[in-house]
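Peer 1: sequence first, then the predicted structure:
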Amino acid sequence: MTLGDNGKVMVRIGMNEFQKKTTNGAVPYTAEEIAQDAIRCGKSGGTIAHFHSRLNDGRQALEDDRNGANIYRRALDLAARQSNIIMEPTNMPYGVVSPSDRADLPHIWALDEQPPEHGGLEIVNIDAFRFEHLKSGYDVHRNRLVTIDDSQSLRPDLPFRLPSCVQEVLDRGYTPFFGVFNMADLRLLGAYAREGLIPKPVLVSINFFCDLMWGPTPSIEGLDAFLWQWRHMDVDSEVNLFIAGLPDMKTYEYFQEATLDRGISMRVGMGDHAAIFPGGNAQMVDHYVDLLIRRGFTPATPNDLRQRAGLSPRDALLSAA
């Protein structure tokens, strides 16, 4: 049974993304700011804190990510000392190699090979731009995935393989949280699941953008189309809606109500809508936890999601950060 079937809603927080303090001074940049914000969100009912490593001036910390991931490591460590919230670094692409190649996720491997003193990776964000769509075909006669070779020919004689970055995440024992942008992403992800290439339940985020030209125009009709595409494949999963760049609070509230109407989980946070809640991420979590409670749900705890995803439960050490 899903979390929703049990009356629980995952609250995933987009902590910072690309947002600037000039828009809202509560946007966290440093590892210390991210960790303290995640701790507050955990106390308010947050389940997962999704975050980008940032420099003190707000720039994305790409060089640090490529050279040991120390900002991510410190944020993970500090948060775990006082909270059991699940910390989820972004999988933002680096462009050095193909996004499907394992080499495009240097910070993930660094955090695995040199984990923080406390806490560590559990769930790894994998977005569908890493899926190698143009190398993935489908044999409609045998109902299975097949490789498309360099000459654009379907090759049922070649065993289908996951992109190396996805396979590496699984080989290292982490649970992916997949982000999808269009119907092709959902079709391919569902095929991965049905062929037993990825673990179930599948954690999947439907990613809608008002401010970027990715995917459909965000709408309830679009959400329902995505849910139809996904649910008719009958894959055990937890579905989360991530919607960024909405113009006002009224529209944002409309979509969050729609998630509850449809039994799926929500993503909130400064990273997605920095100007709507001046008090920051914890204020947003407070507001939407109150909403889901008024609708008869309870917020899913981090350990609720760990149990659902087959991860080990964890309690905060509650030591001084």
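Peer 2: Happy to help now that I have it.

Peer 1: what are the ranges of the strands in the stretch 151-300 of the chain?
Peer 2: 154-155, 175-180, 202-209, 237-244, 265-268, 298-299 (DSSP state E, counting those that start in this stretch).

Peer 1: quick one: the helices in the stretch 201-321 of the chain, in order.
Peer 2: Residue ranges of the helices in the stretch 201-321 of the chain, as given by DSSP state H, counting those that start in this stretch, are 220-231, 249-261, 281-294, 302-309.

Peer 1: report how many residues lie close to Val285.
Peer 2: Val285 is surrounded by 25 other residues when neighbours are defined as other Cβ atoms under 10 Å. C-beta here means a position set from N, CA and C on the backbone, and glycine is covered the same way.

Peer 1: could the strands of the stretch 151-300 of the chain go into a markdown table alongside mean neighbour count and mean pLDDT?
Peer 2: A markdown table is the format used below for the strands of the stretch 151-300 of the chain (neighbours: other Cβ atoms under 10 Å; pLDDT from 0 to 100):
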| stretch | mean neighbour count | mean pLDDT |
| --- | --- | --- |
| strand 154-155 | 14 | 92 |
| strand 175-180 | 24 | 98 |
| strand 202-209 | 24 | 98 |
| strand 237-244 | 22 | 97 |
| strand 265-268 | 26 | 98 |
| strand 298-299 | 18 | 98 |
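
Peer 1: distance check, the residue nearest to Ala61 when sequence neighbours are not counted against Ile71.
Peer 2: Nearest residue to Ala61 in three dimensions, chain neighbours excluded: Ser53, at 4.0 Å (Cβ to Cβ, 6 or more residues apart in numbering). From Ser53 across to Ile71, the span is 4 Å (Cβ to Cβ, to the nearest Å).

Peer 1: intersection of neighbour lists for the two?
Peer 2: Counting by Cβ atoms under 8 Å, 6 or more residues apart in numbering, the residues touching both Ser53 and Ile71 are Ala31, Ala61, Asp64, Asp65.

Peer 1: okay, and which of those residues map to strands?
Peer 2: In this view, these have no member that belongs to strands under DSSP state E.

Peer 1: tell me the one of those nearest Glu17?
Peer 2: Using Cβ to Cβ, Ala61 comes nearest to Glu17 of the shared contacts of Ser53 and Ile71, at 13.3 Å.

Peer 1: just the CA atoms of stretch 115-130, as CSV, please.
Peer 2: Coordinates of each C-alpha in stretch 115-130 appear next as CSV, following Å, rounded to 0.1, in the frame of the first residue of the first chain:
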residue,chain,number,x,y,z
PRO,A,115,30.8,9.5,3.8
PRO,A,116,30.1,12.2,6.4
GLU,A,117,30.7,11.3,10.0
HIS,A,118,27.0,11.3,10.7
GLY,A,119,24.2,10.5,8.3
GLY,A,120,24.9,10.1,4.7
LEU,A,121,23.3,9.3,1.4
GLU,A,122,20.1,7.2,1.3
ILE,A,123,18.1,8.5,-1.6
VAL,A,124,19.7,9.8,-4.8
ASN,A,125,18.0,12.2,-7.1
ILE,A,126,18.1,10.9,-10.8
ASP,A,127,16.3,13.1,-13.4
ALA,A,128,15.1,11.7,-16.7
PHE,A,129,17.6,13.7,-18.8
ARG,A,130,19.9,10.8,-17.8
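
Peer 1: that one: which residues count as buried?
Peer 2: Of the residues in stretch 115-130, those buried under the neighbour-count criterion (16 or more other Cβ atoms under 10 Å) are 116, 118-128, 130.

Peer 1: relative to Ser265, how far out is Pro201?
Peer 2: Noted for Pro201: a distance of 12 Å to Ser265, by Cβ to Cβ.

Peer 1: which residues do those two both contact?
Peer 2: In the contact map built from Cβ under 8 Å, 6+ apart, the residues linked to both Pro201 and Ser265 are Glu238.

Peer 1: I'd like to know which helix or strand in this protein has the lowest mean pLDDT.
Peer 2: strand 154-155 (a mean of 92; mean pLDDT, DSSP states H and E).

Peer 1: dump the residue contacts of Pro28.
Peer 2: Neighbour list for Pro28: Met15, Asn16, Ile34, Gln36, Asp37, Phe51, Arg54, Met270, Asn281 [criterion: Cβ under 8 Å, 6+ apart].
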